[in-house]
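1. Just the structure for this:
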Amino acid sequence: MGLDCKLREIFSFTYEADLEDGLIEHELVHVFCGKSDQDPTLTPSEADEWKWVDLSTLVTDMKKRPNQFTSWFRICVDSIDYRTHV
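-> Numbering: from 1, shown residues only. Down below sits the predicted model:
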């Protein structure tokens with residue numbers, strides 16, 4: 001996303017999720033945290049799109065439309081201690 005900042009790993013987890021067509025995701029995810037004053041720049045090889053929302057809007061949206069978010073992202077949002085990591 002074109003950001004340049006120092007990152008630190010805050011936790012990792014393994015998850016498994018059933019996908020369409022009988023596929024299964026089984027992944028180890030490392031979650032990093034960093035701060036930047038730069039505006040993100042979409043890099044098509046990294047992501048199709050992005051959106052900036054505050055935490056309360058994100059949590060509310062995830063509760064209303066959980067299927068719009070990947071399994072690993074829902075786990076991340078539920079697992080982060082925002083008082084100490086963000």
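2. Show the pLDDT at the residue most central in space within the chain.
-> With distances taken as C-alpha atoms, centre = their mean, Phe73 lies nearest the centre of the chain, 4.3 Å away. We have a pLDDT of 87 for Phe73.
3. check which helix or strand covers it.
-> Phe73 is part of helix 71-79 when elements are defined by DSSP states H and E.
4. CA-only coordinates of that helix in CSV, if you can.
-> Provided in CSV are the C-alpha atoms of helix 71-79 (Å, rounded to 0.1, in the frame of the first residue of the first chain):
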residue,chain,number,x,y,z
SER,A,71,-12.3,-15.6,8.3
TRP,A,72,-8.8,-14.5,9.1
PHE,A,73,-9.7,-10.8,9.2
ARG,A,74,-12.6,-11.4,11.6
ILE,A,75,-10.2,-13.4,13.9
CYS,A,76,-7.7,-10.5,13.8
VAL,A,77,-10.2,-7.8,14.6
ASP,A,78,-11.6,-9.9,17.5
SER,A,79,-8.1,-10.7,18.8
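5. the bottom helix or strand of the protein by mean pLDDT?
-> Using mean pLDDT, DSSP states H and E, helix 82-85 stands out as the lowest-scoring helix or strand of the chain, at a mean of 59.
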